[in-house]
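Participant: Predicted model and sequence follow; I will ask about them next.
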Amino acid sequence: MAVIPVELAGRSYEVRVGSGLLANVAEECGAMLRKQRVPIVTDANVERHWRAAVDASLTAAGKEPRWLVLDPGEATKSWDGLSRAIDWLLGEEVERGDHILALGGGVIGDLTGFAAAILKRGCGFIQLPTSLLAQVDSSVGGKTAINTPTGKNLVGAFHQPALVLADLDALDTLPVREMGAGYAEVIKYGILGDRPFFDWCEGNGAKVIAGDKAAQEYAVTESVKAKARIVAEDERETTGTRALLNLGHTFGHALEAETGFSDRLLHGEGVAMGMVLAARYSARRGLISGEDAERVATAIASAGLPSELSSLGLNVSGKMLAAHMLHDKKMDAGTLPFVLLRGIGEAFLDKTVPLDDVAEFLDGQLQV
């Protein structure tokens, strides 16, 4: 098992990566589960795979598991989903010193974390990420949020977990498409700041998606290390360093908005396509070579992820996609920063990008 500390000012927590963590969840959480009743928020898909194992561990430790089972999918990360979770947690008499277990992918982690952030002005929670995307990205760093009709993640809070248990066994239950969506966030760390890791991903991505445990542990561990370093430097995204983690997200969120934040385009698929667009747009602006931009596209396509905007079948213009970006939470004084590339492994924040140029670029990509 790998243990990665996330070091923050005046506090820290661990991310543990390995197999068997959910089956041993009571011992892993230890004294954090201070009362007999343990509140667990999950979705119906995850419950089907992991309720028995989690129940067995908790009951053997003298605990009483209490379950809130929500509908799977992005639509749950909403005002209605938040209201339901808050009302349930209040009914369970959760106190500020308790820890809520968030068992699931990014939707459950984001929703539960935000509920914990505002319940009684802040309760503890523990991330039990069951998807590759959640293990390498959303469970680490304390960003919690819900979606609104206006856009993705526009209502939320910074609220760090007390512990993250990334059980590699959970990845065995995921469809190939979900693994690919998570892998997009793995290769992102190489593209934005670690060219040797990108090189590794080019040669080992198929193994990660296919279930090779050694490759998965390396991919998750290295990804978490990278994110932990960035979060420690810029926890609340005030210096620009943490903003680099948004590589692919500005383009990707626009695509998600256009597809209604639905299963038509998974978040990781949107990020993957967004990274290709960011690389190609960087080449358009003369920042990187066309060869490097296409190397990014090829690496993403080889993982079964979308790499051509025209393949998504969108009935939309570049101007319409750019309009979605106006609702991006990163807008600042009327300017939208873009994460672009000076090379593979060299991301930077560019605050001088004109959206009309982005729209023209997207028009060209839609017609390829």
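Facilitator: That came through, no problem. Numbers count the residues shown, from 1 in each chain.

Participant: hey, let's count contacts and neighbours off CA atoms from now on
Facilitator: Fine.

Participant: how about the strands in the stretch 51-200 of the chain?
Facilitator: Counting by DSSP state E, counting those that start in this stretch, the stretch 51-200 of the chain has strands at residues 64-70, 99-104, 124-129, 143-148, 151-158, 163-167.

Participant: Which strands or helices does the first one pack on?
Facilitator: Other helices and strands packing on strand 64-70, by 3 or more CA pairs under 8 Å, 6 or more residues apart in numbering; DSSP states H and E, are strand 37-43, helix 44-60, helix 79-91.

Participant: Now the phi/psi pair for the residue at the greatest distance from the centre of the chain, please.
Facilitator: Among the C-alpha atoms of the chain, the one most distant from their mean position (CA atoms, centre = their mean) is that of Gly62, at 33.1 Å. For Gly62, the backbone dihedrals are phi 80, psi 20 (criterion: degrees, to the nearest 10).

Participant: What score does it have for pLDDT?
Facilitator: We have a pLDDT of 98 for Gly62.

Participant: was I right about it contacting Gln36?
Facilitator: Yes: between Gly62 and Gln36 there is a contact under CA atoms under 8 Å: 6.9 Å.

Participant: So which bits of stretch 60-75 are buried?
Facilitator: Under the neighbour-count criterion of 16 or more other CA atoms under 10 Å, stretch 60-75 has Lys63, Pro65, Trp67, Val69, Leu70, Pro72, Gly73, Glu74, Ala75 buried.

Participant: what number of residues lie near Gly260?
Facilitator: Using other CA atoms under 10 Å, Gly260 has 15 other residues around it.

Participant: circling back to that earlier point, contacting residues for the residue farthest from the centre of the chain?
Facilitator: Applying CA atoms under 8 Å, 6 or more residues apart in numbering to Gly62 gives the contacts Gln36.

Participant: Just the CA coordinates for the helix ranked longest in the chain, please, in CSV.
Facilitator: In the chain, taking DSSP state H as the definition, the longest helix is helix 213-233. Taking C-alpha atoms only, helix 213-233 is exported to CSV below (Å, rounded to 0.1, in the frame of the first residue of the first chain):
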residue,chain,number,x,y,z
LYS,A,213,-2.8,-3.9,-10.7
ALA,A,214,0.9,-2.8,-10.7
ALA,A,215,0.2,-0.3,-13.5
GLN,A,216,-2.9,0.9,-11.7
GLU,A,217,-1.1,1.4,-8.4
TYR,A,218,1.7,3.3,-10.1
ALA,A,219,-0.7,5.5,-12.1
VAL,A,220,-2.9,6.4,-9.1
THR,A,221,0.1,6.9,-6.7
GLU,A,222,1.9,9.2,-9.1
SER,A,223,-1.2,11.1,-10.0
VAL,A,224,-2.0,11.7,-6.3
LYS,A,225,1.5,12.8,-5.6
ALA,A,226,1.3,15.3,-8.4
LYS,A,227,-2.0,16.7,-7.2
ALA,A,228,-0.9,16.7,-3.5
ARG,A,229,2.1,18.9,-4.5
ILE,A,230,0.0,21.4,-6.3
VAL,A,231,-2.7,21.5,-3.6
ALA,A,232,-0.1,22.0,-0.9
GLU,A,233,1.3,25.0,-2.8
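
Participant: so where do the helices sit in this structure?
Facilitator: 25-29, 44-60, 79-91, 106-118, 132-133, 176-193, 195-210, 213-233, 249-258, 267-284, 290-301, 318-325, 355-366.

Participant: What about the nearest residue to Ala116 once chain neighbours are set aside? Give its phi and psi, please.
Facilitator: For Ala116, ignoring the flanking residues on the chain, the nearest one in space by CA to CA, 6 or more residues apart in numbering is Cys123 at 4.9 Å. For Cys123, the backbone dihedrals are phi -120, psi 160 (criterion: degrees, to the nearest 10).

Participant: Do I have it right that Cys123 meets Glu95?
Facilitator: Yes: Cys123 is within contact range of Glu95, at 6.9 Å (criterion: CA under 8 Å).
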